[in-house]
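Participant: Quick one, structure for this:
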Amino acid sequence: MPKYNYVALDARGAETKGTIEVGSQNEAIGRVKEMGLFPTKITEADKADLAAGKKAKAKPAAKAKAGKKGGGMNFNIRIPGLGGKVKPKVLTTFTRQLATLVDAGLPLLRGLRVLEKQERNVNLKKILGELSTSIEGGSTFSEALAQHPKVFNRLFVNMVKAGELGGVLEVVLKRLAEFSEKAQKIKGKVKAALFYPSAVLIVAVGIMILLMCFVVPKFKDVFSGMGFKLPGFTLFVLWVSDTIKNNILGTMGVVAVLVILFLLFIRTKFGRHMWDKTKLTMPPTGQVVSKVSISRFTRTLGTLVSSGVPILQALTIVKETAGNVIIANAVAQVHESVKEGETITAPLEASGAFPPMVISMVDVGEQTGALPEMLLKIADNYDEEVDNAVAAMTSLLEPIMIVALAVIVGSIVIAMFLPLIRMIEIMSGPT
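Facilitator: A predicted model of the protein is given here:
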């Protein structure tokens, strides 16, 4: 009777390894589940050892081949655009195409080879070739994906692993494709909404530089012949103009230092916490950031759990992909609560980052045993709310930016005309 090596997770998420003697791989999966464990990897002992031996032999051969080609010298030349990350949009398209091929009955390896031939992105094309080679060498799809952590994150790898173990890889790939497409859709809407305010801000900065470097100095020459003291506000504007015009490098240096100090501050634990909290509450963008964070949390957790990933492992992945320290801390509290056998609802409510409606829906889903479905419903609902929040934010930002630009330009104009008004008063004499 053949032996099978297994790697599994217990109820607390701890990894367990062992060997069992059964008739087939399906029996091995069933036996591990009967032990109260969640299997993540099942391989026949002899085949696993053979694959390891092949890999060990292949490495020296590859090194020898490289040595011959390079004449004993190894040049690591990094070409821009090669060997880096793959854009999320490209990865989303690949996931959808692979899901379609596998769902149509095409074997996984053949599907990867087909996509490799037609792929135009150099980085992804190379990775697809490496994935196919790993699978041909005896690795599972999830193991091959795990070798490229910069492209396929833990969410992607663990969902594929759950799909392999449950025999529903095509379903999981569909869910991954839908998850990626909706995430890209939300990201695109936020970017499109911020385009107009960003354009107005750039125009405002350009107008200010033009006024300070070319217009205000002309007024300074006019004011130099006046025999009275200039108003304080005018002197301040003239000083700012001189600083920008005569010390342009110093001004840019000060701005650069301020930006660097801010970036260093938000890299600290306290700074990141304060910045993420500010992003969730700062008007008018706070509503959008908050709704996007909640949508990402619920969709990620719902997709993982519905795909068969153990809840503790799913919560760990959600924490790493939250993108906000406040949300990540709330997920960490949920993880500890579930680990102790308690509910999800209490730590979510205690965090203060989730509205009562979300907490109530999670509570209902937990009590009825339909938590994954309820989480995905919350995500769909918040995706629609993100649309409304983005529209509201855009409609509010536009007048704010226009008024701010008008105030800045108007202040400069007033500062330049105050001395002229004073001169007219002096020339008019006492009445």
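Participant: now the strands for this structure?
Facilitator: Ranges of strands within the chain are 3-9, 15-21, 38-44, based on DSSP state E.
Participant: how about these, which one is nearest L261?
Facilitator: With C-beta to C-beta, the closest approach to L261 among the strands of the chain belongs to strand 15-21: 42.0 Å. C-betas here are computed from N, CA, C, even on glycine.
Participant: So in this protein, which helix runs the longest?
Facilitator: With secondary structure taken from DSSP state H, the chain has its longest helix at helix 371-428.
Participant: what's the average pLDDT for that helix?
Facilitator: Averaging pLDDT along helix 371-428 yields 83.
Participant: Report the contact partners of T285.
Facilitator: Neighbouring residues of T285 by C-beta atoms under 8 Å, 6 or more residues apart in numbering: K279, M393.
Participant: could you pull out the helices for the stretch 151-300 of the chain?
Facilitator: With helices called from DSSP state H, counting those that start in this stretch, the stretch 151-300 of the chain shows them at 154-166, 169-210, 216-223, 232-246, 248-267, 269-281, 286-306.
Participant: Point out where this structure drops to low pLDDT.
Facilitator: 1, 9-15, 26, 38-40, 46-84, 225-227, 429-431 (pLDDT under 70).
Participant: domain parsing for it?
Facilitator: For the chain, automatic domain parsing gives the domain ranges 3-70, 88-179, 184-431.
Participant: which of those domains sits most buried?
Facilitator: Of the domains of the chain, the one with the most neighbours on average (mean count of other C-beta atoms under 10 Å) is domain 88-179, at a mean of 18.
Participant: What's the end-to-end length of it?
Facilitator: Taking C-alpha to C-alpha, to the nearest Å, domain 88-179 runs 12 Å from one end to the other.
Participant: and that domain, how far out from the chain's middle?
Facilitator: 20 Å (C-alpha atoms, centre = their mean, to the nearest Å).
Participant: which residues touch stretch 111-122?
Facilitator: 81-82, 86-87, 90, 94, 97-98, 101-102, 106, 125, 128-129, 131-132, 135.
Participant: and if you look at stretch 371-386?
Facilitator: 182, 185-186, 189-190, 288, 291-292, 294-295, 298-299, 301-303, 305-306, 344, 358, 361-362, 364-365, 368.
Participant: That stretch: how far from the chain's middle?
Facilitator: 19 Å.
Participant: Kindly report the same for stretch 195-214.
Facilitator: On C-alpha atoms, centre = their mean, the centre of stretch 195-214 falls 30 Å from that of its chain.
Participant: show me the contacts for the residue nearest to the spatial centre of the chain.
Facilitator: By C-alpha atoms, centre = their mean, the mean C-alpha position of the chain lies nearest to G323, the distance being 6.1 Å. Shown in contact with G323 (C-beta under 8 Å, 6+ apart): S293, R296.
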